[in-house]
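Asker: need a 3D model of the sequence below.
(2 chains)
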Amino acid sequence: DGGITQSPKYLFRKEGQNVTLSCEQNLNHDAMYWYRQDPGQGLRLIYYSQIVNDFQKGDIAEGYSVSREKKESFPLTVTSAQKNPTAFYLCASSKRTVEYTEAFFGQGTRLTVV
Amino acid sequence: QKEVEQNSGPLSVPEGAIASLNCTYSDRGSQSFFWYRQYSGKSPELIMSIYSNGDKEDGRFTAQLNKASQYVSLLIRDSQPSDSATYLCAVGSSNTGKLIFGQGTTLQVKP
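Answerer: Residues are numbered from 1 along each chain as shown, chains lettered A, B, ... in the order given. This is a model prediction of the structure:
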């Protein structure tokens, strides 16, 4: 089945540790995105990539890093520089055309830093 | 000014009524507009997309777009308790490659 897979679903880490969240898609989508959602809030854009080996910072990129070495994969690393990393992280992908097409989401990773 | 703005609500409507959700955006270069539904603890689910001025209907949902006023709305007819969720407006620009979300409107449909 085609879709977007995020892993793990729940992640616990100690303060000061880097952690990498996985996002894989088999939809042959060009664009991929990472969002952060805090309780009662909307989605804030962390990083996005429109093509392999290229990515751009979103609105809240500080303390995060990404890579896009393969079309299917867009992992997000939450570094120790991120001051408040506990949140719900959502990965999405979309087909890149002249018009902006619909984005579809994975099931999310809930990160808790203790 | 936020790029995409929504009234956070909650918006409460009785079962069977029409729910009206609104969204404004700041980037005049935006070309694509989406409505997502998010149940508590789940990821967003796409319910409507609209690209041209006017109305687009899909079942009980109607999306309305007015680019001159930088305004997009979602109407839900015959609202059901199962429609109770947070509705997120998203705006895409192929110029920047960004897809930006509003903070969401919480809808409560009371039986």
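
Asker: for the chain, just list every one of the strands.
Answerer: No chain was given, so I picked chain A. For chain A, the strands defined by DSSP state E occupy A:4-7, A:10-13, A:19-25, A:31-37, A:43-51, A:54-57, A:64-66, A:76-78, A:87-96, A:100-105, A:109-113.

Asker: that was the other one, I meant chain B.
Answerer: Going by DSSP E, chain B shows strands at B:4-6, B:11-14, B:19-25, B:32-38, B:45-50, B:54-58, B:61-66, B:71-76, B:85-92, B:99-101, B:105-110.

Asker: make a markdown table out of those strands and add mean pLDDT and distance to chain A.
Answerer: For every residue, glycine as well, the C-beta is placed using N, CA and C. Output for those, formatted as a markdown table (pLDDT from 0 to 100; distance: least, C-beta to the nearest C-beta, whole Å):
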| stretch | mean pLDDT | distance to chain A |
| --- | --- | --- |
| strand B:4-6 | 95 | 8 |
| strand B:11-14 | 97 | 15 |
| strand B:19-25 | 97 | 11 |
| strand B:32-38 | 96 | 4 |
| strand B:45-50 | 96 | 5 |
| strand B:54-58 | 97 | 13 |
| strand B:61-66 | 98 | 13 |
| strand B:71-76 | 98 | 14 |
| strand B:85-92 | 95 | 3 |
| strand B:99-101 | 92 | 4 |
| strand B:105-110 | 96 | 9 |
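
Asker: which among those is found nearest to A:G2?
Answerer: strand B:45-50 (14.6 Å; C-beta to C-beta).

Asker: contact partners of the closest one?
Answerer: A:102-105, B:32-38, B:56, B:58, B:61, B:63-65, B:72, B:74 (C-beta atoms under 8 Å, 6 or more residues apart in numbering or on different chains).

Asker: tell me the buried residues in that strand?
Answerer: B:L46, B:I47, B:M48, B:S49, B:I50 (16 or more other C-beta atoms under 10 Å in any protein chain shown).

Asker: how close does the last one get to B:V4?
Answerer: Spelled out, it's B:I50. B:I50 sits 14 Å away from B:V4 when distances are taken as C-beta to C-beta, to the nearest Å.

Asker: ditto for the third one
Answerer: Per C-beta to C-beta, B:M48 is found 15 Å from B:V4.

Asker: do A:H29 as well
Answerer: Taking C-beta to C-beta, one finds A:H29 at 22 Å from B:V4.

Asker: cool, B:S49 as well?
Answerer: 15 Å.

Asker: number of residues surrounding the closest residue to B:D83 other than its chain neighbours?
Answerer: Residue nearest to B:D83 in three dimensions, not counting chain neighbours: B:V109, with 5.1 Å by C-beta to C-beta, 6 or more residues apart in numbering or on different chains. The number of residues packed around B:V109, counting by other C-beta atoms under 10 Å in any protein chain shown, is 20.
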